[in-house]
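J.: Here is my input; please provide its structure:
(chains A and B, ligands or ions: 2)
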Amino acid sequence: MNNDVSAVVEVHELNKTFGNAGSETVALSGINLSIRPGELVSLIGPSGCGKSTLLRVIGDLTRPTSGTIEVNGKSATRARTDRDYGMVFQAPVLFDWRTIEANVGLPLEIIDMPKARRAQRIADMLALVELSDFARHHPWQLSGGMQQRAAIARALAFEPRLLLMDEPFGALDEMTRERMNTELLRIWEQTGTTIVFVTHSIPEAVFLSSRVVVMSARPGRITKIIEVDLPRPRSDETRTLDGYFELITEVREGLKSGHVAGTTS
Amino acid sequence: MTRHVRYYLPAIAVFIGGILLWEVAVRALHIQRFLLPPPSDIATALITNRDLLLQAGATTLLEAVGGFAIGLTGGLAVAFATARFALARGALMPFAIAANAIPIIAFAPIMNAWFGVTSPVSKMMIVAMLVFFPVMINTVRGLTSADAASLELMRSYAASEREILTRVRIPSALPYFFTAIKVAATLSLIGAIVGEYFGGATVALGRIIVESASFLRFAQAWSAIIVAAALGIGFYLIIIGIERIAMPWHASMRGRT
Ligand SMILES: Nc1ncnc2c1ncn2[C@@H]1O[C@H](COP(=O)(O)OP(=O)(O)OP(=O)(O)O)[C@@H](O)[C@H]1O
Ligand SMILES: [Mg+2]
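T.: Residues are numbered from 1 along each chain as shown, chains lettered A, B, ... in the order given. Ligands and ions are numbered 1, 2, ... in the order given. Below you'll find the model as predicted:
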């Protein structure tokens, strides 16, 4: 557990402040987090508590103000240039000038995957997110949820070692979201990828995760880390277990206490 | 096909109606023919002078297209060079924007003096200057217009600058670029013709317009103007055609299939 090399993500005493002296926003304060290989860790917390910021710091899209971060035993920058990351953002970020299949194939082009393998991989990914019929469409011809599914297919396409997902299913209806959750777990079990998953949904966090990291706002800090020991593989049945409801309550309590602490301090 | 005809029918009706109204108005109101010749006179002038007009049109078009090509190449080259370097951009853009705001056509007589009145090069240089600034400014804007999220996505793939350029920046720049060259296409014919007003080869549209007008042969002047208009519209349509092929994905093209 404390073995640094075996951790995929090792965050130590991390702080992140935006703005300059006088008008500072403390987005993250004293974050310590160690994520083991093959874990699926959810970050949950009120809006503005720094979930996206933490994800972006891990993904080397922004630098921490202080503290250290290691990914696969390397600096975050090194991990990024080694193409260890797959990212799914809150918005789909698809390119209008590319068809859906070309959008999904974008990272594969960048890693120079041969054309034939690329086409196969794109087809597999589109089938996975049930967009095969829309391969030749352009992003604007798809609904918001379909666009987000395309973005997920794109992130999964090159089998990244670490998948960073920022509210990927926030735009989906409840039914699609549950199906995508089950799909994500299936993919995760198949590939063994480590996933850091930001969400606002308590049931989603509990259903997916190995651990749920509960955060509070102003300043953004970790208030509680909850182990989710529900049996795997998880299925619709999981959602009926007593343990599932107990964990949902536990996360909710964690969020509440964090909220009180956040407002009084 | 019939759908196309029906779509353009109102415009065609307005066009024919306008010509007829013009013809009738000139005759009924007894407008003096040298002030505003009726369309029938202009048509006659077009037919009788067709060889001269074709030759003149070719000369003027060559100047316009040649200058357009020079200005386009220069504008693109400078835009790509400066788009990469924020410092160069900050140093150059204010001047480019200022230059774009001045009436460059005023330099026409000077260009004639520098590159030779009768030489097509002098007209091409005016055209090139007219085309250069809008192309350069808009291309720089386009190349730097990619949104932060797209750039972050590419960053997360550790994509090289070159890949970011070809896969994000250039496609993002296309709408800006085409806006510029549509303006530039029109400017290039204006530049060539106005350049000819200040002197040039005898068989050129600008010269025919100026000389016919000074001899009060207005129907002939109008026939040259009609040729110039047709060339301008043709040039513009070609660019729109290229635009449709280059970016069928763009919002302005949607729902056309
Ligand atoms: N680029 C930035 N510049 C300045 N402040 C920022 C920036 N990005 C985030 N912040 C601030 O940092 C804090 C955390 O933002 P962040 O986006 O990480 O929240 P979040 O937990 O992801 O919220 P949400 O659930 O609404 O997405 C907020 O107070 C926000 O205003
Ligand atoms: Mg967020």
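J.: and the chain, what are its domains?
T.: Went with chain A since none was named. Taking automatic domain parsing as the domain assignment, the ranges for chain A are A:1-84+A:160-242+A:259-265, A:94-159.
J.: Actually, chain B is the one I wanted.
T.: Following automatic domain parsing, one finds the domains of chain B at B:1-31, B:37-253.
J.: Report the mean per-residue pLDDT for the shortest one.
T.: For domain B:1-31, mean pLDDT is 85.
J.: Quick one: closest of the domains of chain A to B:Thr59.
T.: B:Thr59 lies closest to domain A:94-159 among those, at 39.0 Å (Cβ to Cβ). The way it works is simple: take the backbone N, C-alpha and C, and place the C-beta from them, glycine included.
J.: burial count for A:Leu55?
T.: 23 (other Cβ atoms under 10 Å in any protein chain shown).
J.: now the stretch 1-150 of chain B, which segments are flagged as low pLDDT?
T.: B:1-2 (pLDDT under 70).
J.: So which residues on the stretch 1-150 of chain B come close to chain A?
T.: Within the stretch 1-150 of chain B, the residues that sit near chain A (Cβ under 8 Å from any Cβ of the partner chain) are B:Ala149, B:Ser150.
J.: Relative to chain A, which residue of the stretch 1-150 of chain B is the closest?
T.: Using Cβ to the nearest Cβ, the single residue of the stretch 1-150 of chain B nearest to chain A is B:Ala149, 4.6 Å away.
J.: What sits closest to that residue if chain neighbours are left out?
T.: Among residues not flanking B:Ala149 along the chain, A:Val93 sits closest, at 4.6 Å (Cβ to Cβ, 6 or more residues apart in numbering or on different chains).
J.: Could you do B:Ile238 as well?
T.: That would be B:Ala185: by Cβ to Cβ, 6+ apart, it lies 8.0 Å from B:Ile238.
J.: Look at the residue of chain B most remote from its centre and report its pLDDT.
T.: When each C-alpha in chain B is compared with the mean C-alpha position (Cα atoms, centre = their mean), B:Ser156 comes out farthest, at 41.1 Å. pLDDT recorded at B:Ser156 is 92.
J.: go on, the one 4 residues further on?
T.: According to the model's per-residue confidence, B:Ser160 sits at a pLDDT of 91.
J.: Could you report the neighbour count for it?
T.: Neighbour count for B:Ser160, taken as other Cβ under 10 Å: 11.
J.: For it, grab phi and psi.
T.: phi -80, psi 160 (degrees, to the nearest 10).
J.: Can you name the residues that contact it?
T.: By Cβ atoms under 8 Å, 6 or more residues apart in numbering or on different chains, the contact set of B:Ser160 is empty.
J.: Which element, helix or strand, includes A:Gly86?
T.: According to DSSP states H and E, A:Gly86 maps onto strand A:85-88.
J.: Need the mean per-residue confidence for that strand.
T.: In this model, strand A:85-88 has a mean pLDDT of 90.
J.: Identify the residues contacting it?
T.: Residues contacting strand A:85-88 (Cβ under 8 Å, 6+ apart): A:59-60, A:79, A:107, A:148, A:151-152, A:155-156, A:158-166, A:168, A:193, B:153, B:156.
J.: Give me the subset of those that also touch ligand 1.
T.: Residues shared between the contacts of strand A:85-88 and the neighbourhood of ligand 1: none [Cβ under 6 Å from any ligand atom].
J.: From these, which land in strands?
T.: Counting by DSSP state E, the part of these found in strands is A:Leu162, A:Leu163, A:Leu164, A:Met165, A:Asp166.
J.: ok, the first one touching A:Val9?
T.: Think A:Leu162. Yes: assessed by Cβ atoms under 8 Å, A:Leu162 is found in contact with A:Val9 at 7.1 Å.
J.: Need the overlap of contacts for those two.
T.: Taking Cβ under 8 Å, 6+ apart as the criterion, A:Leu162 and A:Val9 both touch A:Ile58, A:Val71, A:Thr194, A:Val196.
J.: where do the helices sit along chain A?
T.: Per DSSP state H, chain A carries helices over the ranges A:51-58, A:76-81, A:100-110, A:115-128, A:144-157, A:174-191, A:202-208, A:242-264.
J.: those helices in the stretch 1-150 of chain B, which residues are they?
T.: B:2-28, B:39-48, B:50-83, B:86-101, B:108-115, B:120-143, B:148-156 (DSSP state H, counting those that start in this stretch).
J.: Any regions of the stretch 151-265 of chain A where pLDDT drops low?
T.: For the stretch 151-265 of chain A (pLDDT under 70), the answer is A:259-265.
J.: For it, which residues are neighbours of ligand 1?
T.: A:Gly220.
J.: picking that back up, list the residues that contact the residue of the stretch 1-150 of chain B closest to chain A.
T.: A:Phe89, A:Ala91, A:Val93.
J.: Repeat that for B:Ile164.
T.: Neighbour list for B:Ile164: B:Leu151, B:Met154 [criterion: Cβ under 8 Å, 6+ apart].
J.: and what of A:Asp166?
T.: Counting by Cβ under 8 Å, 6+ apart, A:Asp166 makes contact with A:Lys51, A:Ser52, A:Leu55, A:Met87, A:Val88, A:Phe89, A:Gln90, A:Val198.
J.: right, and the first one touches A:Val214 too?
T.: No: under the criterion of Cβ under 8 Å, A:Lys51 lies out of contact with A:Val214, with a separation of 10.6 Å.
J.: what touches both of those two?
T.: With Cβ under 8 Å, 6+ apart, A:Lys51 and A:Val214 have common neighbours A:Ile44, A:Gly45.
J.: which one of the two has more residues nearby?
T.: A direct count of neighbours by other Cβ under 10 Å for A:Lys51 and A:Val214 places A:Lys51 higher, at 28 against 25.
J.: Could you give the number of residues near the residue nearest to B:Ala149?
T.: Using other Cβ under 10 Å, A:Val93 is surrounded by 21 other residues.
J.: what's the distance between the residue in chain B positioned nearest to ligand 1 and A:Asp166?
T.: As assessed by Cβ to the nearest ligand atom, ligand 1 sits closest to B:Ala148 within chain B, at 9.3 Å. B:Ala148 sits at a distance of 14 Å from A:Asp166 (criterion: Cβ to Cβ, to the nearest Å).
J.: got it, and A:Asp236?
T.: Using Cβ to Cβ, which is the criterion applied here, A:Asp236 is 26 Å from A:Asp166.
J.: before we move on, back to that, now do the residue nearest to B:Ile238 against B:Ser145, distance only.
T.: 22 Å.
J.: the more surrounded of the two?
T.: Neighbours were counted for B:Ala185 and for B:Ser145 using other Cβ under 10 Å; B:Ala185 has more, 23 against 13.
J.: before we move on, which element is the more buried one in?
T.: Residue-wise, B:Ala185 maps onto helix B:170-197 under DSSP H and E.
J.: what comes up buried for that helix?
T.: Neighbour-count burial for helix B:170-197, counted by 16 or more other Cβ atoms under 10 Å in any protein chain shown, picks out B:170-178, B:180-196.
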